[in-house]
Each structure stands twice: as structure tokens, then as C-alpha cells.
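1. here's my sequence, what's the structure:
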Amino acid sequence: TKDVGQNTNTFRGNGGGRNSHGFQPNTMVYNTLLQAYANVGDASTAETILHSMISLHSSSLEGGGGGPYQHVRPNTRTFNVVLNAWSKRGGSDGGVRASEILDRLEKMASDGDGLTQPDVVSYNTVLAAWSKSA
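-> Below is the predicted model of the structure:
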């Protein structure tokens, strides 16, 4: 987990959406990173990265859009990976955290974000998280 965490900051760089090597991350790159955290059972960090993605994308859209992180837009898969991380983790808070993330996904969908629609995987994963929380 520590090695994955050390690489997280290389995605963000020094501004402008690119790191010192000229690499500009997008949703697919972040989804892959989230999957790595989910695979090692670090649901908390995966959720933190999800919130960071939402914030980066939102700040890029302020003032008319086209900002440096406009391509860091969470989609349904992004949310499902984080939901799955909480489901795999289990524990007493897994169901609660998964439900909170699902609520955020549903809110974004109701606000008109066409890339973030909960699907059958979303709902089943939350149910699985609750079943492991009991």
C-alpha cells in the first residue's frame, strides 16, 4: 500500500494537470489507481482519491470549464471500484461508507451528470458491503 501511495502524488504534479514528466492523468488512469488500492484493501485511500477527483474536476470547470483537470471526471466505474473496495474490506463501517458513496453517486446523477449513473453493480455492491458489516 505504501508504494502505491507514494506514486499518487506524481499524478497531480505542480499544477496545470501535468507532472514534471509531462504526464497528464485522466479518468482511466485514476480508475486504475483506485483498483490498485481496492486490491490491497485500502478503501479509505480509494475513497479519498475519489473525493479528490470530484474536487479536481469541479475546480477545472469553474469559470467556464476547460481547466487542467477536466479529464479527471469520475464515472460510474470509478464509484463502483470504490464501492467494491468498501465491500471487500468489510468491517462495521463498510456498509455505511458504501451507502454514503452511493448517495453521492445518485446525487451527481440527479444533478444531470450523465457519466455517473448508478447501475446494478453499484446497488449489489452496497448490499454486499452491508451483508459483511453485520
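
2. the longest helix seen in the chain: which residues count as buried?
-> Ranked by residue count under DSSP state H, the longest helix found in the chain is helix 43-61. By 16 or more other CB atoms under 10 Å, the buried positions in helix 43-61 come out as 43, 45-47, 49-50, 52-54, 56-57, 60. Every C-beta, even on glycine, is put in place using the N, C-alpha and C of the backbone.

3. of all the residues you listed, which comes closest to Val120?
-> Leu50 (20.0 Å; CB to CB).

4. what's the average pLDDT for the helix or strand following the longest helix of the chain?
-> As assigned by DSSP states H and E, the chain's next helix or strand after helix 43-61 is helix 76-89. Across helix 76-89, pLDDT averages out at 96.

5. elements contacting helix 76-89?
-> For helix 76-89, the packing partners by 3 or more CB pairs under 8 Å, 6 or more residues apart in numbering; DSSP states H and E come out as helix 27-39, helix 43-61, helix 94-110, helix 120-133.

6. dump those into a markdown table; add distance to Asn80 as well.
-> Shown next, in a markdown table, are these (distance: least, CB to CB, whole Å):
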| stretch | distance to Asn80 |
| --- | --- |
| helix 27-39 | 9 |
| helix 43-61 | 11 |
| helix 94-110 | 9 |
| helix 120-133 | 5 |
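
7. out of these, which gets nearest to Val82?
-> Comparing the helices and strands packed on helix 76-89 by CB to CB, helix 43-61 comes nearest, at 4.8 Å.

8. need the nearest residue in space to Ala38, chain neighbours excluded.
-> Ala85 (3.7 Å; CB to CB, 6 or more residues apart in numbering).

9. and the helices and strands packed on helix 76-89, which one's lowest on average pLDDT?
-> For the helices and strands packed on helix 76-89, where the average pLDDT is lowest is helix 43-61, sitting at a mean of 91.

10. helices and strands around it, which ones?
-> Judged by 3+ CB pairs under 8 Å, 6+ apart, helix 43-61 is in contact with helix 2-12, helix 27-39, helix 76-89, helix 94-110.
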